[in-house]
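Asker: Here's a sequence, model it:
(2 chains)
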Amino acid sequence: MHVAHYLGLLHRAEANLADAYREVAAAHAAEADVFHIVGRLAVQCDTHVERLAPFVDRYAEEAPAEPERLHAELFAGARSGGLGLLRDLHDLYLMVSYADITWTMLGQAAAGLRDDDLAAVVTACEAETATQLAWLRTRMKAAAPQALVVA
Amino acid sequence: MATDDRIADPWGARTPYGPGTDWPTRVDVHLAEGLTEADVDRWAQSASLLHSNGDAMDIAVKDGRIAGVRGRAVDRVNRGRLGPKDLYGWQANNSPDRLTRPLVRDGGRLVETDWDTAMGRIVDRSRELLDGPGGWGRFGFYTSGQLFLEEYYALAVLGKAGIGTPHMDGNTRLCTATAASSLKESFGTDGQPGSYADVDHCDALALWGHNAAATQTVLWSRMLDRRRGTDAPALLAVDPRTTPVAREADVHLAVRPGTNVALLNGLLREIIAKGWYDESYVAAHTTGFEALARTVDAYPPERVAEICGVEARDVRRAAELLGGAQRLLSTVLQGFYQSNQATAAACQVNNLHLLRGMIGHPGAGLLQMNGQPTAQNNRECGADGDLPGFRNWANPEHVAQLARLLNVEPRIIPTWSPPTHAMQIFRYAEQGSIRFLWVSATNPAVSLPELARIRRILAGEGLFLVVQDLFLTETAALADVVLPAATWGEKTGTFTNADRTVHLSERAVDPPGEARADLDIFLDYARRMDFRDRDGRPLLPWREPEEVFAAWRECSRGRPCDYSGLSYAKLRGGSGVQWPCTDLAPDGTERLYTYGEFNTDSDYCESYGQDLVTGAEVTPEQHRAKQPGGRAFLHAVDYQPSAETPGTEYPLQLTTGRSLYQFHTRTKTGRAPELNGAAPDVWVELHPDDAGPAGIAEGDRVRIESPRGAVVAPARLTGVRPGVVFIPFHYGWWDTVGEPHDRAANELTLTAWDPVSKQPLFKSGAVRVARTED
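Answerer: Numbers count the residues shown, from 1 in each chain, chains lettered A, B, ... in the order given. From the prediction side, this is the model:
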């Protein structure tokens, strides 16, 4: 059974995402909406990490060694300026996409395990993750013409 | 007939009336000293431009000058009444410091010039910036809530189809954006469901963050007249301040600022739990009930009491008042729109009426109020972050319709994302990608949040700033070109109030000097820029306001704000008329959604919706999948605290608002002696529990500090709940010696906005106070 592997991936992915949100908030504090919203999304990711923790413990005997590093691969550190904001949101989008599909796989596993508790957590967190993606997409679409064509 | 002192008694004598009867007439008049009605040469029809109520009046003309006003008894909105700002505010037109010639900046100073020189500079700079890819992105237009419909439509066409920029907004973003957003989210499009006549029929009134006694004095008079008549309606007030509305109310909930969503969640929980909702209406006309019920279930009265800082028994009493009403009228304003979770809170008021099935019937109504007299027209015409005619920028068929109407290629109209909101326009200017900003009839140097930052942006070297106004405002003083504009009484046009009543406002006198109507200025710019349609004809072919109105009538046809049955002739002489006004409804439409059919159809709606927590756009596919088909959306979210909450360093919460006697940055009201005398300078309201420990007594000068700036003002130990500080936002520095930057409330406010409506959250900063020896 490899559920623990995916739990570990997601646990790490959500923790990395919270860190990245905070880094982006600090780097782009002058973008007031980004600053306030990603600050709140970071807290949302913290909650995801907490809600995953009992399942990480429950399936721990199957835990693999340290899963792949995601933070370093997908997020190079915050940049500055209009183009920098777009690139940073773009990085976040990829990180959230990774989390999103991982939640989906974990939902599949919860179904196979008949683990209703895990399924309930997946349902709630997956919806929030989907909204994070939608917000990033909305914000990036608004920013892109000015950043890529005008500035 | 002379009117009593409306400074001492802002609402005038009571004319009590009972439910279902007509509101009695009371004609208010104020003329220049020594003048009687018999002396007046002629009267010109108009309506109020100093608040959003749309009180109809006639302007008195004597020897070619405005010499007073008289309420129009025939009008449905006010039945002859006028408020203090209407009775005295007209004097500003005759003020000796009106701008009468254009100004241009030469060698760092503004100097008088002629129109050709001033417009030449604007056009030269425009052409230079427009040349090359992305030229549209160099432009920003920031307009007002006080121009006329015809002016907004012309501005929308020249900006969206001439230059092709999405960077257009108005100060309506500060006052009314949340009204529009909440109406779109719940009902599919903008448009007030209710009517002022609902005051005549209701058995309960709920004022949500709406100090009507100060913001719409005549509407408040109507409410007071019902309260003094037979079978008076019950009254609920939600406001952290002890306003006249709160003192009159049967139940007053002085909630902690920023907690409106928690309160409404709790009230809706009670309504559902007690079975006070209309199950069959909810089933037939709404979608989302289960999710709503699940969300609000977590807000029992005790929890609400803790979050909001009110008594649980008062939450229950409020729910009983709302749940027991047979005909409930709600009004909502800045206490909700400029607070934390603005759109979500306003939507919860919509939800209350949907749950109770109280929309579109006499007395059962809902008014998401506007703060400004012509805010509604800016939203309709699309000189702000909307498309003309409440069209949906994300719906290609709507964009194609608009392109056909204007005879332009659809791709010139910027629809790749929502139009850029005001705070983002200023951010682009701060970053230097917007280099041309045209400000008309508004004063952002005093009215936007975090003024030190705004001043820096407006004064920036790389920004070419055009300001079009009546006076040399704080913003105009920073401009590269200043254009002298005509105003109310000096130009003809139409505008629409907060209950969809359209009024005609006639030119009564000539503008001073070389001042020009805003419409003439925009049309002149369009001609000089040579904007053309796809057949090479002028894009804005109009000369007169009535021609623009005719074009707008076609643009609005078939949309919710349908003006197709209106004309200047129809608006002349009688009462104002409520849109939609069509061949089928030639006298206008009193209430929307009477049959519970809403504008949510995917092909018709103005917006596919947004996530109320983040503002993420709902996609067209997602919207269609919900199959709203004319059902209203019940949205619900959890409470979350404000972006900035009080802490150890800044322990108090700031809220800003109005004086009854002033409007905005006092550009007009500060020049009317009675109004200025009634509220000449800034003050700060504190609760005695907060003032005492700081050694602050009534009248002491107090320094209020936030992380962004400071204000010094005399203390009034009254009026607010403990932990809250109130400062009126009207006071800049145009009437002071030097430029003191410790007088405007917005020195303190926070740069933050609602994720959905993008309305700045003026009522959410943290401050500290101390007595000062200054």
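Asker: mind checking how far the residue of the stretch 1-150 of chain B found nearest chain A is from B:Gln424?
Answerer: Residue nearest to chain A within the stretch 1-150 of chain B: B:Gly137 (3.0 Å; C-beta to the nearest C-beta). Every residue, glycine included, has its C-beta placed from N, CA and C. Between B:Gly137 and B:Gln424 the distance is 12 Å, computed by C-beta to C-beta, to the nearest Å.
Asker: Would you mind listing what in chain B touches chain A?
Answerer: Residues of chain B lying close to chain A (C-beta under 8 Å from any C-beta of the partner chain) are B:133-134, B:136-138, B:416-418, B:420, B:423-424, B:427-428, B:430-433, B:610-611, B:613-618, B:640, B:643, B:751-753, B:755, B:758.
Asker: Which ones among those residues lie within helices?
Answerer: Judged by DSSP state H, helices contain the following of the residues of chain B next to chain A: B:Met423, B:Gln424, B:Arg427, B:Tyr428, B:Glu430, B:Gln431.
Asker: re the thing from before, nearest residue to the residue of the stretch 1-150 of chain B closest to chain A in space, please, no chain neighbours.
Answerer: In space, B:Gly137 comes closest to A:Val150 once its chain neighbours are excluded; the distance is 3.0 Å by C-beta to C-beta, 6 or more residues apart in numbering or on different chains.
Asker: can you tell me which residues contact the one you found?
Answerer: For A:Val150, the contact set (C-beta atoms under 8 Å, 6 or more residues apart in numbering or on different chains) comprises B:Gly134, B:Trp136, B:Gly137, B:Arg138, B:Ser433.
Asker: Let me know the pLDDT of it.
Answerer: Looking at A:Val150, its pLDDT reads 95.
Asker: quick one: the spatially most central residue of chain A from A:Gln132, how far?
Answerer: The centroid of chain A falls nearest to A:Val96 when counting by C-alpha atoms, centre = their mean (3.7 Å). Look at A:Val96 and A:Gln132: by C-beta to C-beta, they are 5 Å apart.
Asker: same thing with B:Gly460?
Answerer: According to C-beta to C-beta, B:Gly460 stands 34 Å off from A:Gln132.
Asker: neighbour count winner among the two?
Answerer: Taking neighbours as other C-beta atoms under 10 Å in any protein chain shown, B:Gly460 and A:Gln132 compare with A:Gln132 leading, 27 against 16.
Asker: tell me which element the more buried one is part of?
Answerer: helix A:116-145 (DSSP states H and E).
Asker: Give me the buried subset of the contacts of A:Val150.
Answerer: The neighbour count (16 or more other C-beta atoms under 10 Å in any protein chain shown) marks B:Trp136, B:Gly137, B:Arg138, B:Ser433 as buried among these.
Asker: From the contact counts, what lies against the longest helix belonging to chain B?
Answerer: Longest helix of chain B, by residue count under DSSP H: helix B:115-130. With contacts taken as 3 or more C-beta pairs under 8 Å, 6 or more residues apart in numbering or on different chains; DSSP states H and E, helix B:115-130 sits against strand B:103-106, strand B:139-143, strand B:436-440, strand B:481-484, helix B:518-529.
Asker: so can I have JSON lines of those showing mean pLDDT and mean neighbour count?
Answerer: Converted to JSON lines, these look like this (pLDDT from 0 to 100; neighbours: other C-beta atoms under 10 Å in any protein chain shown):
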{"stretch": "strand B:103-106", "mean pLDDT": "98", "mean neighbour count": "17"}
{"stretch": "strand B:139-143", "mean pLDDT": "98", "mean neighbour count": "26"}
{"stretch": "strand B:436-440", "mean pLDDT": "98", "mean neighbour count": "25"}
{"stretch": "strand B:481-484", "mean pLDDT": "98", "mean neighbour count": "26"}
{"stretch": "helix B:518-529", "mean pLDDT": "98", "mean neighbour count": "22"}
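Asker: wait, which of those is closest to B:Thr343?
Answerer: Distance to B:Thr343, taken as C-beta to C-beta, is lowest for strand B:139-143 among these, at 21.7 Å.
Asker: Within the sheet, what are the partner strands of that closest one, with directions?
Answerer: Strand pairing for strand B:139-143, using DSSP bridges, gives strand B:168-170 (parallel), strand B:436-440 (parallel).
Asker: what element comes up after it heading to the C-terminus?
Answerer: Next helix or strand after strand B:139-143 toward the C-terminus (DSSP H and E): helix B:149-157.
Asker: now that following helix and strand B:139-143, what's the angle there?
Answerer: Per axes from the mean of the first three to the mean of the last three C-alpha atoms, to 10 degrees, the angle that helix B:149-157 makes with strand B:139-143 is 160 degrees.
Asker: Centre of the chain to helix B:149-157, how far?
Answerer: When C-alpha coordinates are averaged (C-alpha atoms, centre = their mean, to the nearest Å), helix B:149-157 and its chain have centres 17 Å apart.
Asker: I'd like the average pLDDT over it.
Answerer: 98.
Asker: Which strands and helices lie in contact with that helix?
Answerer: Contact partners of helix B:149-157 among helices and strands, from 3+ C-beta pairs under 8 Å, 6+ apart: strand B:139-143, helix B:375-381, strand B:493-496, helix B:518-529, helix B:545-556.
Asker: Among those, which comes closest to B:Glu685?
Answerer: Of all those, it is helix B:375-381 that lies closest to B:Glu685, at 26.6 Å by C-beta to C-beta.
Asker: which residues are contacting that closest one?
Answerer: For helix B:375-381, contacts defined as C-beta under 8 Å, 6+ apart pick out B:52, B:143-145, B:147-149, B:152-153, B:155-156, B:170, B:172, B:175-176, B:180, B:190, B:370, B:384, B:386, B:388-390, B:494-498, B:500, B:552, B:556, B:561.
Asker: Now that we have those, which of them are buried?
Answerer: Among the contacts of helix B:375-381, the ones that count as buried by 16+ other C-beta under 10 Å are B:52, B:143-145, B:147-149, B:152-153, B:155-156, B:170, B:172, B:175-176, B:180, B:190, B:370, B:384, B:386, B:388-390, B:494-498, B:500, B:552, B:556, B:561.
Asker: residues in chain A within reach of chain B, list them.
Answerer: Residues of chain A lying near chain B by C-beta under 8 Å from any C-beta: A:30-33, A:36-37, A:40-41, A:81-82, A:131-132, A:134-135, A:137-138, A:141-142, A:144-146, A:149-151.
Asker: Averaging pLDDT per element, find the lowest-scoring helix or strand in chain A.
Answerer: Least confident helix or strand, chain A: helix A:71-74 with a mean of 56, by mean pLDDT, DSSP states H and E.
Asker: next structured bit after that one?
Answerer: Downstream of helix A:71-74, the next assigned helix or strand under DSSP H and E is helix A:81-113.
Asker: Please compute how far that following helix lies from its chain's middle.
Answerer: Its chain's C-alpha centre and that of helix A:81-113 lie 5 Å apart, by C-alpha atoms, centre = their mean.
Asker: tell me which residues of that helix are tucked away?
Answerer: A:82, A:85-89, A:91-93, A:95-96, A:98-100, A:102-103, A:106-107, A:109-110, A:113.
Asker: Sheet partners, orientation included, of the strand or helix carrying B:Val711?
Answerer: According to DSSP H and E, B:Val711 maps onto strand B:709-716. In the sheet, strand B:709-716 lines up against strand B:684-685 (parallel), strand B:701-706 (antiparallel) (DSSP bridges).
Asker: Report the buried residues of it.
Answerer: Within strand B:709-716, judged by 16+ other C-beta under 10 Å, the buried ones are B:Gly709, B:Ala710, B:Val711, B:Val712, B:Ala713, B:Ala715, B:Arg716.
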